[in-house]
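> quick one, what's the 3D model for this:
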Amino acid sequence: MTPRPTTPDPTTGEDRDPLLAGLAALATDAPEELLDRIAARRVRVPGPIGEVDVAFTDHGIVYVHEGVDGFAESFRKRFGRPLLPAARPPAGLVPALRTGRAAGLSLDLRGLSDFQRDVLLAARAIPRGEVRPYAWIAQRIGRPRAVRAVGTALAGNPVPLLIPCHRVTRSDGGVGEYVFGPAAKERLLAAEGVDLDRLRALARERVFYLASDTTGVVCFPTCHNARRITPAHRHGFRTLGQARTAGYRPCRTCRPAAA
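Have a look, this model is predicted:
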């Protein structure tokens, strides 16, 4: 990077940065949001799979990354802004990372396309301890044929853990890719109570929906309603169409009609 030119200070004779000199010469106080326009702040905090670096602005959390060297460089490359150290993390950040419940935390998603934002907000609605297939996201945002693009948008999630893209999995029972790696994805899901072995076993039997003959409702297997179905009243289906034909209606909670 080429250094900015400097000019001699007429009083001291020392070189001075024209940008800093211009800011110092402002006739009025700088607006409160000035820092937010030119830089973001950073903290390192404990996360569910080790320490993470977090960047935030006045609008909310903007970037979450593994707690390793190179965070500032990665942030500047992606967002074009420097980082400044923060005295403390934003309110609610540490509990949100610890519990996996971040619904009340402000996120700064400026700069994303409308499609990326729609994908991430749909993923944010998936409850802790449940998973949804990529096709569910695509259908929910009104782009049922964009399953591959949904995967790409989730891979570029700037705030993993806070927007739980780890709760989006392949329909064949595989966990799929993840920004922190598939092993970390499995650890996160297992810690949230997702029985991955059971999902894989159901997928091998070509069962992707579970229905209850007592309620007449069909769900995704990890839906909290599906987990309450006793074996004697549980019926598995490969497709939602098969479940409908058998007389079952889609669960209003997990909304399998959107897959």
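
> show the contacting residues for the nearest residue to Asp195 once chain neighbours are set aside.
What sits nearest to Asp195 in space, not counting adjacent residues and going by C-beta to C-beta, 6 or more residues apart in numbering, is Thr222, at 8.0 Å. No exception for glycine: its C-beta is placed from N, CA and C like everyone else's. Thr222 sits next to 129-131, 194-195, 199, 254 when contact means C-beta atoms under 8 Å, 6 or more residues apart in numbering.

> gap between Thr222 and Arg148?
To Arg148, Thr222 is 23 Å away according to C-beta to C-beta, to the nearest Å.

> go ahead and confirm Arg98 touches Val52.
No. Counting by C-beta atoms under 8 Å, Arg98 stays clear of Val52, with 11.6 Å between them.

> find residues that contact each of the two.
Common neighbours of Arg98 and Val52, using C-beta under 8 Å, 6+ apart, are Pro46.

> how near is the residue lying closest to Gly60 once chain neighbours are set aside to Arg204?
Excluding its sequence neighbours, the residue lying closest to Gly60 (C-beta to C-beta, 6+ apart) is Ser106, at 3.3 Å. According to C-beta to C-beta, Ser106 and Arg204 sit 42 Å apart.

> of these two, who's got more company?
For Ser106 versus Arg204, neighbours defined as other C-beta atoms under 10 Å are more numerous around Ser106 (15 against 10).

> helix or strand: which one has the closest residue to Phe71 other than its chain neighbours?
Nearest-residue entry for Phe71: Asp53, 4.1 Å, with adjacent residues in sequence omitted and distances by C-beta to C-beta, 6+ apart. Using DSSP states H and E, the element containing Asp53 is strand 50-57.

> dump that strand to PDB, restricted to CA.
In PDB, the C-alpha atoms belonging to strand 50-57 read as follows (Å, rounded to 0.1, in the frame of the first residue of the first chain):
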ATOM      1  CA  GLY A  50     -13.300 -22.400  20.400                       C
ATOM      2  CA  GLU A  51     -12.500 -18.700  20.500                       C
ATOM      3  CA  VAL A  52     -13.800 -16.500  17.700                       C
ATOM      4  CA  ASP A  53     -13.000 -13.000  16.500                       C
ATOM      5  CA  VAL A  54     -16.000 -10.800  16.000                       C
ATOM      6  CA  ALA A  55     -16.200  -7.400  14.200                       C
ATOM      7  CA  PHE A  56     -19.100  -5.100  14.900                       C
ATOM      8  CA  THR A  57     -20.400  -1.700  14.000                       C
END
